[in-house]
Every structure is written in C-alpha cells, then in structure tokens.
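[1] A predicted structure for the sequence below; I have some questions about it.
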Amino acid sequence: MQATEYDLIVLGAGAVGENVADRAVRGGLTAVLVEHELVGGECSYWACMPSKALLRPAQALRGARQVDGAKEAVTGDLDVAAVLARRDSFTHNWNDDSQVEWAEGAGISVLRGHGRLTGEKEVTVAKADGGEAVLRARHAVTVATGSEPLIPDIDGLREARPWTSREATSAKAAPESLAIIGGGVVATEMATAYAALGTTVTLISRGGLLASMEPFAGEQVAAALRELGVTVLPHTETTRVRRTGDCVTVETGDGHTVTAREVLVATGRVPRTRDIGLEAVGLTPGDWLATDDTMRVEGFDWLYATGDVNHRALLTHQGKYQARAAGDVIAARAKGAPVSDQPWGTHAATADHEAVPQVTFTDPEVASVGLTLKAATDAGYRVRAVDYEIGNVAGASVHADGYKGTARMVVDEDREVVLGVTFVGPDVSELLQAATIAVVGQVPLDRLWHAVPAYPTINEVWLRLLETYGRPS
Ligand SMILES: Cc1cc2nc3c(=O)[nH]c(=O)nc-3n(C[C@H](O)[C@H](O)[C@H](O)COP(=O)(O)OP(=O)(O)OC[C@H]3O[C@@H](n4cnc5c(N)ncnc54)[C@H](O)[C@@H]3O)c2cc1C
Ligand SMILES: NC(=O)c1ccc[n+]([C@@H]2O[C@H](COP(=O)([O-])OP(=O)(O)OC[C@H]3O[C@@H](n4cnc5c(N)ncnc54)[C@H](O)[C@@H]3O)[C@@H](O)[C@H]2O)c1
C-alpha cells in the first residue's frame, strides 16, 4: 500500500498530542494527528474540564455562604440539573467538531482511526470508515496515547461493572449513593463533587488521603469531606465487590460492608500502550515509555513520547509543557538547527523533575509545587519547613468569615531558596503561580522579601512565611 508522508506523525490527539503537532507545524513541519476517539482527549471530555465543571458551582455557593451579608441572599441549594447541563456545555456534549476545526485551521491534518506502529517511522491506521492507511514520518513519530484507569485485582470488582473516572465525570444523574475506592486526587475530588450533588458518599482508602502531598493536606481534606457528610474510611483495604440487583456491596478488610448504587474505582492509571504496536519497534506493549528530557524515547532517534504515556507527571499542563519542548525540538532537529537540551533549556522539560504545580479541587483546595518536606529530605537537601495559618492573614479574613487553611514553605537551607510550597484552604489555587515562579526561578529568600504582596490579599501569607523563616542577614 502506498504510504502517505508527513514530517511528524502524532499518535493520539489529546491536549498533549495537539500541542506537539501545533508546535511542529509552527516550526515549519507537516504533521498528522491520528485519533480513534475524540480529538481533545481525556482532559476535555472525561477528566479536567467536566470534573472541574461539576465542582465549581458548589464552591461558588460555599463562597457566598461564608460571607455575612451575602449568605442571607442564599435561599436555595444547588440545582443539580443545571450543574450537569453546565458540565455538558464544557464537554460540547462529547462532540469534537470545534477541536477538529481548530486543528485543521492550525494546518494540522487529522486522521480518524486506531493507529499502530508497524515499523521504523511507520504507523498503520485502521480507519474509522473500515479502510486502512499507512503513514510514514520523514522525521519523527510521537506517541501521545495517554493513560486509562487502573482496575486493581480485587475479588469481583471487574464483574461489578464499576464506574471509572469516565462514568463519574459524564454521569447523566447523581446516584443516590456512591462508594469510592481510592484516596488520591480523583477519589477526593469526586467525593467532594458528588456529596455536594446530594449523593451519599463513602470513600474507602487503603492509606491516608492524598498520600504524596504534605500530610496536613490529606488530613484537612478528610475533615472537610466528613463535614460534607462523606463517610471516610482511611487505612481500609477493599477485599470483595459484588453487584446484586441495582446495588453494589463493597466488603472491607476490617469486616465492614458498604452498600451503594454505584462503586467508583479511582486507584491510579495505566499507560494506553497495549495495542499501539510497540512490539514492532522492540518495545513491550503495556509499558510506560521512558524518555529523556526532550521527550525522545530511550534508545531511539525518531520516537518521542509525551503526556501521561511517559509517566513523568500525569497532568495536562505538564504534558502540554512537554509537548512544547518536543514539538520545538523535533522541528529543530529536522532542520539541523541548534538544540537547547541542557537543564532549563528551550527543548528540555526540566520542570518535570523540579517544579510540578498541581491543584486538587477539593474544598478546601490543595495547591502545591515542587518538593514536600519528606521528598526534599529524602533527596538529601538540608531543609527547614515553615508553616503558617492562612486564616491569620487579613486578606483571608476578608475573603471568607472564619477562613481556615495552612501554608508550608520548604527551604533549602544551604542556598536559601524555596524547594516547595503547599497551600491548603478555600480558593488557594490562584496563589500557586507565584510559588511556581519562586521555585523555578530559584529566587533567593532575601530577594523574595522585596516581592511585596498587596494588602489585604491572601497572598500576604508569603510575607508571613518569610517572617516565620527569619530574614536572611
Ligand atoms: C478525573 C480526572 C480529572 C483530571 N483533572 C485534571 C486537572 O484538573 N488538571 C490536570 O492538569 N490534569 C487532570 N487530570 C489528568 C489529565 O486528564 C491527563 O494528564 C491528560 O488528559 C493527559 O493528556 P494526554 O494527551 O497525555 O492523554 P489523553 O488525554 O488520554 O489523550 C490521548 C488520546 O490518544 C487517543 N489514542 C490512544 N490510543 C490511540 C491509538 N492507538 N490510535 C489513535 N488514537 C489513540 C485517545 O483516544 C486520546 O484521545 C485528570 C485526570 C482525571 C482522570
Ligand atoms: N486536579 C488534578 O490535577 C487532577 C485531578 C484528577 C486526577 N489527576 C491526575 O490523574 C491521575 C490519576 O488520579 P488517581 O486519583 O486515579 O490516582 P492517584 O495516584 O492520585 O491515587 C491513587 C489512589 O489509589 C490507591 N490505590 C492504588 N492501588 C490500589 C489498590 N490496589 N487498592 C486500593 N487502593 C489503591 C492509592 O493508595 C491512592 O490513594 C493522578 O496522577 C493525577 O495527577 C489530576
């Protein structure tokens, strides 16, 4: 079969694949996106956008209820149908016409179908219309196929047809009750969302909540979930799941049985690499694809992997950051132009190791960047952490009556720079970019004293953290 040639083939048109193609085309290359489902991927239709659309109305309502003078005007509760309808508008009712239009307008070709590597720089696509197409890349192939939910090997779980993040973010109605297995970001966000929508939620976590973050984050989110009416069962194994009639029963290691209408499994992700032809190029199907900092798969000069599939940081913004580096470096290498792949260079995704920002949109929110105290200590830094109660800041007390929250700054004592920051509290997500700039810029603490937070804003917590640490002399 005659192959169609492009400079770059991108397998998977999620947010990350789209950005690789866009950067490469801006760099003067031709590119094709191969997509077997919806152009825009998980984030647009079953992850970031619908989950945040489900969470935001309850957060807005809480915001009004926490301010005397405003709370008196809140006379009703959430309109669940309106919340779901607003969520649907964000997903364009699971229609990707606008994203296809964007791609084509940006000069990127889109081919619908399931793609598999079939040789060096070659992808064969089983097209949506039943035919087959062979694509050949002049310069590079980028795998951007994302990840999918991990279903743990728990007795009866698969047979019980559990919800995954897809069903949780796209449900047409809020179930009367929901059991959630997991204690990470998906579990805590969806527990927050569904509790606010009136569902009776039980969250079963085999460890503490949000275990990779500062310990106070999981503790404060657990306390808030309980206040919302969620039954939180930390340090609890799930041993058996059964679906009987219109209910699911979940048995735990300590002998409890939770009965709910649905069970959501939120126990992490696996790479979407089982059926993309990795064996044709000597790689193992089902593996994550390890890359260097320019996103090139180890051992190849033409194969790249960006986004969730490389397991560097499973976040849309980090994947798009990798995509900008990868699209630019693919164009540079194709043209024989200089490559800037040293740490913090144009073509290196260095921040993946040093400064990954993340917001967990629970209520309170958790916003963090860089290293936790434990991670910094484990990495061998000589560190000191300082904590501050955000509610003591004037801007926070104006923002919400009885504001409660915690900030932690982790400082490298040798260089006196910030290695990591965590904020937990209502509406702290917008504080995060300043922390990210401080970490990425390795801004010395004595210079940070000159970054004056406006009064009275919650950002004044920065001044309090610096004062608590002590001014470097
Ligand atoms: C519930 C939930 C909420 C989240 N919320 C956030 C958030 O608020 N902020 C954030 O930063 N991150 C969030 N994430 C993480 C975020 O969704 C992912 O990091 C992001 O979607 C990864 O993008 P990607 O392009 O790598 O993969 P994907 O978005 O999964 O895109 C991969 C694409 O490849 C296609 N594909 C796969 N195999 C093939 C093939 N063989 N042929 C053709 N096409 C193929 C798929 O159909 C898909 O469109 C959330 C995740 C979940 C589950
Ligand atoms: N706001 C955001 O940025 C956002 C929101 C949702 C998801 N995400 C991303 O999506 C990814 C997936 O989220 P997630 O919550 O599924 O994963 P996660 O890694 O955050 O949490 C997984 C949870 O499942 C538990 N677990 C793992 N295996 C288990 C088992 N066999 N039995 C019981 N419990 C088990 C873990 O202890 C942990 O609590 C994350 O990496 C996250 O970065 C981001």
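    Perfect, thanks for sending it. Ligands and ions are numbered 1, 2, ... in the order given.
[2] point to the residue nearest the middle of this structure.
    Taking Cα atoms, centre = their mean as the criterion, Leu315 is the residue nearest the geometric centre of the chain, at 3.3 Å.
[3] neighbours of the nearest residue to that one once chain neighbours are set aside, how many?
    Leaving aside its sequence neighbours, Leu315 sits nearest to Gln358 (Cβ to Cβ, 6 or more residues apart in numbering; 6.1 Å). Every residue, glycine included, has its C-beta placed from N, CA and C. Counted with other Cβ atoms under 10 Å, the neighbours of Gln358 add up to 19.
[4] isn't Gln358 up against Ser368?
    Yes - between Gln358 and Ser368 there is a contact under Cβ atoms under 8 Å: 5.7 Å.
[5] so where's the stretch 1-150 of the chain uncertain?
    By pLDDT under 70, the stretch 1-150 of the chain contains no weakly predicted segment.
[6] mind listing the helices for it?
    Assigned helices in the stretch 1-150 of the chain, in chain order: 15-26, 41-45, 48-65, 80-90, 97-105 (criterion: DSSP state H, counting those that start in this stretch).
[7] may I see those arranged in JSON lines, with distance to ligand 2 as well?
    Listed next are the helices of the stretch 1-150 of the chain as JSON lines, based on distance: least, Cβ to the nearest ligand atom, whole Å:
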{"stretch": "helix 15-26", "distance to ligand 2": "13"}
{"stretch": "helix 41-45", "distance to ligand 2": "9"}
{"stretch": "helix 48-65", "distance to ligand 2": "6"}
{"stretch": "helix 80-90", "distance to ligand 2": "15"}
{"stretch": "helix 97-105", "distance to ligand 2": "21"}
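[8] buried ones in stretch 117-132?
    Buried residues in stretch 117-132, defined by neighbour count with 16 or more other Cβ atoms under 10 Å: Leu117, Lys121, Glu122, Val123, Thr124, Val125.
[9] which residues does the last one contact?
    Shown here is Val125, whose contacts under the criterion Cβ atoms under 8 Å, 6 or more residues apart in numbering are Val34, Leu111, Gly113, His114, Gly115, Arg116, Glu132, Ala133, Val134, Leu135.
[10] show me what it is bridged to.
    Taking DSSP bridges as the rule, Val125 bridges to Gly115, Ala133.
[11] one more: Leu8?
    For Leu8, the beta-bridge partners under DSSP bridges are Ala31, Ala140.
[12] ok, now how distant is Ala326 from ligand 2?
    For Ala326, the distance to ligand 2 (Cβ to the nearest ligand atom, to the nearest Å) stands at 20 Å.
[13] what parts of this structure come near ligand 1?
    Selection of the chain residues close to ligand 1 by Cβ under 6 Å from any ligand atom yields 11-17, 34-37, 41-43, 47-48, 51-52, 114-115, 144-146, 165, 169, 186, 272, 276, 307-309, 314-317, 319.
[14] distance of Glu227 relative to Ala305?
    Going from Glu227 to Ala305 by Cβ to Cβ, to the nearest Å gives 42 Å.
[15] please apply the same query to Gly12.
    Distance, Gly12 to Ala305, using Cβ to Cβ: 10 Å.
[16] can you list the domain ranges for this structure.
    Under the assignment automatic domain parsing, the domains of the chain span 4-40+96-148+270-351, 158-267, 364-469.
[17] in the protein, which residue sits nearest ligand 2?
    Closest to ligand 2 within the chain is Gly184: 2.0 Å, counting by Cβ to the nearest ligand atom.
[18] residues near that residue, how many?
    Gly184: 20 neighbours (other Cβ under 10 Å).
[19] that older thread, more neighbours: Glu227 and Ala305, which one.
    Per other Cβ under 10 Å, whichever of Glu227 and Ala305 has more neighbours is Ala305, with 30 against 10.
[20] the more buried one - nearest residue in space that isn't next to it in sequence?
    In space, and not counting its chain neighbours, Ala305 is closest to Leu289: 3.7 Å by Cβ to Cβ, 6+ apart.
[21] my read is the one you found is in a helix, agree?
    No - Leu289 sits outside any helix when classified using DSSP: H, G, I helix; E, B strand; the rest coil, being coil.
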